[in-house]
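Enquirer: sequence and predicted model, in that order:
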Amino acid sequence: MIVPGNLFILSAPSGAGKSSLIKALLKPESLASARPMQVSVSHTTRDPRPGENNGEHYHFVSVEAFKAQIANNAFYEYAEVFGNYYGTSEAAIDAQLAQGIDVFLDIDWQGAQQVRMKKPSVTTIFISPPSKEELENRLRGRGQDSEEVIASRMEQAQAECSHYKEFDYIIVNDDFDQALLDLTTIVNNQRLKCRQQSIAQQALFSKLLENDHKKA
Ligand SMILES: Nc1ncnc2c1ncn2[C@@H]1O[C@H](COP(=O)(O)OP(=O)(O)OP(=O)(O)O)[C@@H](O)[C@H]1O
Ligand SMILES: Nc1nc2c(ncn2[C@@H]2O[C@H](COP(=O)(O)O)[C@@H](O)[C@H]2O)c(=O)[nH]1
């Protein structure tokens with residue numbers, strides 16, 4: 001019997017480091033268990049950035065196509081972020097979880113609120129920058145955005161941070177290795193829960209109980 005995968009949400013102000021942390025987490029040496037893990041590929045109406053590929057980083061779609069999917073109830077959640085639509089496909093997530101794959105959603109606080117309502121067992125993690133100044137340094141250091149976009153991301157960061165109390169866990173991404181260790185600990189903690197293991201270890205436990213019964 002397949003143990004359904006765990007669903008995780010990572011939210012953070014843009015530039016706090018969530019993509020870097022997820023990338024590092026997905027390296028095989030990061031996690032003790034061999035359980036498969038994937039990052040959900042969202043749909044977005046924003047234009048691809050240099051180096052981004054359709055279907056890999058996002059499914060890049062028109063506003064019309066996005067709205068048609070909203071009308072078809074195709075999204076687990078969706079939101080408008082920085083003037084563009086972003087959404088998570090319900091069918092894709094359900095298929096991954098049913099195959100026993102742990103799924104990570106890199107979504108904003110609005111999406112996190114919607115998923116929590118639909119799936120209370122979701123594990124939600126907020127990644128915080130160590131300071132406003134450091135967040136701005138990281139956005140500049142990435143060399144990806146104009147000054148205008150950086151100012152808008154800094155403004156949006158305040159809205160994102162005001163929701164930190166809604167999350168199960170907070171990781172302050174100051175030292176990267178420590179933040180990765182914290183993230184790995186949260187994922188492993190979820191995987192080791194009794195509810196998860198009782199299905200996976202059914203054969204072991206039925207044998208243990210059988211022996212006890214014979215001795216009694
Ligand atoms: N702990 C850290 N110390 C210093 N720099 C970091 C740290 N974590 C990430 N960075 C750097 O900060 C920048 C922003 O990181 P990243 O792109 O992962 O952020 P993000 O939260 O995924 O942003 P977005 O939501 O816009 O995609 C990158 O240049 C990354 O290398
Ligand atoms: N609610 C959702 N938010 C999403 C989704 N995919 C990404 N995002 C968030 O958007 C911003 C901007 O991302 P960028 O890649 O354009 O810089 C960031 O905070 C993401 O977490 C989604 O499917 N739903």
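Expert: Structure's in. What do you need? Residues are numbered from 1 along each chain as shown. Ligands and ions are numbered 1, 2, ... in the order given.

Enquirer: use CA for all of it now, contacts and neighbours both
Expert: Will do.

Enquirer: which element, helix or strand, includes the residue minimising distance to the centre of the chain?
Expert: Central residue of the chain (Cα atoms, centre = their mean): Leu105, 2.8 Å from the mean position. Secondary-structure assignment from DSSP states H and E places Leu105 in strand 102-106.

Enquirer: flag every residue of the protein that's near ligand 1.
Expert: Proximity of the chain to ligand 1 (Cα under 6 Å from any ligand atom) is limited to residues 12, 14-20, 138-139, 141-142, 173-176.

Enquirer: those residues: which ones sit near ligand 2?
Expert: If you filter these for contact with ligand 2, counting by Cα under 6 Å from any ligand atom, you are left with Ser14.

Enquirer: what about the helices in the protein?
Expert: Secondary structure of the chain by DSSP state H: the helices cover 18-25, 63-71, 90-98, 109-118, 132-141, 147-161, 176-191, 194-200, 202-215.

Enquirer: any low-confidence regions in this structure?
Expert: Along the chain, the parts satisfying pLDDT under 70 run over 31-34, 211-216.

Enquirer: and it, which of its residues are near ligand 2?
Expert: With Cα under 6 Å from any ligand atom as the criterion, the chain meets ligand 2 at residues 11, 13-14, 42, 78-79, 81, 86-88, 106-108, 110-111.

Enquirer: could you redo the last one with a cut-off of 5 Å?
Expert: Listed as neighbours of ligand 2 in the chain under the rule Cα under 5 Å from any ligand atom: 42, 78-79, 86-88, 106-108, 111.

Enquirer: those in strands, which ones?
Expert: With DSSP state E as the criterion, strands contain 78-79, 86-88, 106 from among the residues of the chain next to ligand 2.

Enquirer: all good on my end, thank you.
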